[in-house]
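>>> Please find the sequence and the predicted model below.
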Amino acid sequence: MAKLTKKHKVLTEKLGDNQKLYGIEEAIQLLKDLKTTKFDESLEVALNLGVDPRHADQMVRGMVVLPSGTGKDIKVAVFARGDNAEKALAAGADKVGAEDLLEDMQAGNLDYGRVIATPDMMGVVGRLGKVLGPKGLMPNPKLGTVTPNVAEAVKAAKGGQVEYRVEKAGIIHGGIGKLSFSNEALRANFDAFVDAVVKAKPAGAKGKYLRKVALSSSMGPGLKVDVAEVHGG
């Protein structure tokens with residue numbers, strides 16, 4: 001049997017029972033205490049929901065603004081022409097275009113965290129369905145990424161707005177900041193993210209909606225959070 005490294009010994013001692021339920025603040029602090037990497041790890045939340053996303057009336061998807069931001073620089077591409085193109089650039093978009101942006105993306109340049117389009121550009125953007133769809137980047141009116149107000153959408157993307165989307169197993173994963181954030185900032189982001197998902201409860205959800213909650217860092221363990229402590233749990 002391989003010898004336990006010093007790091008693993010510390011982890012094991014601090015974690016103890018892996019079935020333990022932690023308070024939110026307790027879990028955040030513990031993940032900070034357990035950090036052994038030099039880079040600024042992300043804090044991630046996983047929500048296990050009582051839904052089957054294969055049914056359209058049980059799909060959970062939307063946008064939420066994290067009050068403390070994400071700690072990441074989100075690259076934003078915008079499909080727009082004329083005045084709207086200028087407004088998008090002024091708001092901080094990384095790349096703005098029309099057919100030229102379409103060709104650029106078709107060539108494989110897809111290093112974006114958000115793609116936004118004005119409604120009149122959807123004829124062009126529609127041709128990118130097979131490219132943007134699998135990456136979850138296809139502009140969508142319900143998410144506010146197809147909009148005449150591109151400046152507002154760009155500012156939201158740059159200012160801490162994140163998308164959440166339930167996966168096949170009924171789980172939503174989301175990054176809610178960096179471990180270097182204060183505990184209060186991370187708690188505010190956690191609350192905002194969970195509240196948004198709770199409010200997005202679909203009509204077809206049966207039984208208990210918010211079933212399990214876990215917090216983890218990029219390289220750290222997953223800690224189960226007491227659902228009773230979570231707003232809307």
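The structure has been received and is ready for your questions.

>>> going on from the one helix or strand residue 197 maps to, what's the next piece of helix or strand?
Using DSSP states H and E, residue 197 maps to helix 183-199. Proceeding N to C from helix 183-199, the next assigned helix or strand is strand 210-217, under DSSP H and E.

>>> ok, and what's touching that following strand?
22, 24, 27-28, 31, 34-35, 41-50, 179, 190, 194, 197-198, 222-225, 227, 230, 232-233 (C-beta atoms under 8 Å, 6 or more residues apart in numbering). Every C-beta, even on glycine, is put in place using the N, C-alpha and C of the backbone.

>>> Among the residues you listed, name the buried ones.
Buried subset of these (neighbour count, 16 or more other C-beta atoms under 10 Å): 22, 24, 27-28, 31, 34-35, 41-49, 179, 190, 194, 197-198, 223-225, 227, 230, 233.

>>> For residue 41, give its distance to residue 61.
26 Å (C-beta to C-beta, to the nearest Å).

>>> my bad, residue 184
Counting by C-beta to C-beta - residue 184 and residue 61 are separated by 28 Å.

>>> swap in residue 73?
Taking C-beta to C-beta, one finds residue 73 at 24 Å from residue 61.

>>> Let me see the confidence value for the closest residue to residue 128 other than its chain neighbours.
Using C-beta to C-beta, 6 or more residues apart in numbering and skipping residues adjacent in sequence, the residue nearest residue 128 is residue 105, 5.7 Å away. Residue 105 is assigned 96 on the pLDDT scale.

>>> which secondary structure element contains residue 105?
helix 99-106.

>>> in that helix, what's buried?
Counting neighbours by 16+ other C-beta under 10 Å, helix 99-106 gives 101, 102, 105 as buried.

>>> Would you confirm that residue 206 contacts residue 55?
No: using C-beta atoms under 8 Å, residue 206 is not in contact with residue 55, being 10.2 Å away.
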